[in-house]
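J.: Provide a 3D model corresponding to the input given below.
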Amino acid sequence: MKTLLTATAVIEGGASLALLCVPSTIASLLIGAPLIEPAASIVARVGGAGLLALTIACWIARRDAMSLATKGLVGAMLSYNGAVVFILVFAYLDLNLYGVALWPAIILHLTMGIWCIACLVKVQQMMIDDIQ
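T.: Numbering: from 1, shown residues only. Down below sits the predicted model:
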């Protein structure tokens, strides 16, 4: 789980900084359209701040992989990755929005979500083995 948490901190740390600094560029890469309204940039930056919080939590939790709080964090990361996949696929299929980074982002978040599931299953199995 330490590797998952470290990888998430690095990946989402980069994404958070990009959203905080150049949200319209990130939108153009993901969905092929810039953020025109100032309100859209503000909302994207709020998302970047949320990702920065996730980055910090993952970086700190990587040293305590077996705690209940860390398992909760990985569950939250699973929810986040699943939501991102759903939202980006919806943007493509229903709204016909896509940029050069759309499918790489979808594949990345799908992979990260599967990795979260694998870690949670592994920890659960380890707990069951300890009981027996």
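J.: Scan the chain for its longest helix.
T.: For the chain, the longest helix by residue count, based on DSSP state H, is helix 102-131.
J.: which secondary structure elements does it contact?
T.: Here helix 102-131 touches helix 2-21, helix 23-31, helix 68-93, going by 3 or more CB pairs under 8 Å, 6 or more residues apart in numbering; DSSP states H and E. Where C-beta positions appear, they are placed from N, C-alpha and C, glycine not excepted.
J.: Out of those, flag the one nearest residue 37.
T.: Residue 37 lies closest, by CB to CB, to one member of these: helix 23-31, at 10.2 Å.
J.: Give me the neighbour count for residue 86.
T.: 12 (other CB atoms under 10 Å).
J.: Check it and give its pLDDT.
T.: Listed pLDDT for residue 86 reads 98.
J.: which parts of the longest helix of the chain are buried?
T.: By 16 or more other CB atoms under 10 Å, the buried positions in helix 102-131 come out as 102, 105-106, 108-110, 112-113, 115-116, 119-120, 123.
J.: Now find how far off-centre the worst-scoring helix or strand of the chain on mean pLDDT is within its chain.
T.: Lowest on mean pLDDT, DSSP states H and E among the helices and strands of the chain sits helix 102-131, with a mean of 92. Helix 102-131 sits 13 Å away from the centroid of its parent chain (CA atoms, centre = their mean, to the nearest Å).
J.: Which residues are in contact with residue 17?
T.: Residues in contact with residue 17 (CB atoms under 8 Å, 6 or more residues apart in numbering) are 48, 52.
J.: for this structure, what are the low-confidence residue spans?
T.: When residues are selected by pLDDT under 70, those of the chain lie in 132.
J.: Which residue, other than its chain neighbours, is closest to residue 115?
T.: Sequence neighbours aside, residue 4 is the residue nearest to residue 115 in space, at 5.4 Å (criterion: CB to CB, 6 or more residues apart in numbering).
J.: can you count the residues close to the one you found?
T.: Burial of residue 4 is recorded as 19 neighbouring residues (other CB under 10 Å).
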